[in-house]
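Student: no FASTA, just this:
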Ligand SMILES: O=c1ccn([C@H]2C[C@H](O)[C@@H](COP(=O)(O)OP(=O)(O)OP(=O)(O)O)O2)c(=O)[nH]1
Ligand SMILES: [Mg+2]
């Protein structure tokens, strides 16, 4: 594990009284995030759920918003845009875009853990436009081209 980076976090007025994101165990990769609102997610529904905080991530890093496996497996509730990307220059409220792929309505209470945050280094690229690309054995094959299973 590399040394932790420091991320500034600002509690927003509607986040007062809620726990900030926290690692549940010493070896956890993600900090659990709780909902800052009560809502009911109908089957097939999706919502940007408030967390009650904003962050300033150091340049060169992002924070990924990932689903919790328990919610996904037991209830079909997951992050629709997984992994969500929090940019280092974003200063708005962090939101968790939840979707209910299950067949029952899923109630969420303020304070429920709904996702986890994983900081990650960002690798940027420059694009070099060329007239043609080198040849490979795969070529344009993809999307199952190497077999059906
Ligand atoms: O799960 C997420 C994903 C994004 N965001 C916020 C932070 C992020 O920096 C910003 C933009 O996200 P993204 O680039 O994924 O969305 P976009 O549709 O490209 O919007 P934009 O045009 O604002 O970049 O929205 C969240 O709060 N939660
Ligand atoms: Mg964007």
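Tutor: That came through, no problem. Keep in mind it's a predicted model, so treat the numbers as computed, not measured. Ligands and ions are numbered 1, 2, ... in the order given.

Student: which residues of this structure lie near ligand 1?
Tutor: Neighbours of ligand 1 within the chain, by CB under 6 Å from any ligand atom: 65, 81, 84-87, 90, 94-95, 97. In this view, the C-beta of every residue, glycine as well, is placed from N, C-alpha and C.

Student: just the buried members of those?
Tutor: 65, 84, 86, 94-95, 97 (16 or more other CB atoms under 10 Å).

Student: which ones among those residues lie within strands?
Tutor: Applying DSSP state E to these, the entries found in strands are 65, 84, 86, 94-95, 97.

Student: widest-spaced pair of those?
Tutor: 86 and 97 (11.8 Å; CB to CB).

Student: shared neighbours of these two, anything?
Tutor: Shared contacts of residue 86 and residue 97 (CB atoms under 8 Å, 6 or more residues apart in numbering): residue 65.

Student: for the chain, what's the longest strand?
Tutor: Under DSSP E, the chain gives strand 46-56 as its longest strand.

Student: which stretches of the protein form helices?
Tutor: Per DSSP state H, the chain carries helices over the ranges 69-75.

Student: can you pull the pLDDT of the residue in the chain that ligand 1 sits nearest to?
Tutor: In the chain, the residue that lies nearest ligand 1 is residue 84 (2.4 Å; CB to the nearest ligand atom). pLDDT, residue 84: 98.

Student: so what's it up against?
Tutor: Contacts of residue 84 by CB under 8 Å, 6+ apart are 64-66, 96-97, 115.

Student: so what's it bridging to?
Tutor: Applying DSSP bridges to residue 84 gives these bridge partners: residue 65.

Student: how close does the spatially most central residue of the chain get to residue 119?
Tutor: Central residue of the chain (CA atoms, centre = their mean): residue 65, 1.4 Å from the mean position. Relative to residue 119, residue 65 is positioned 11 Å away (CB to CB, to the nearest Å).

Student: then residue 37?
Tutor: With CB to CB as the criterion, residue 37 and residue 119 are 25 Å apart.
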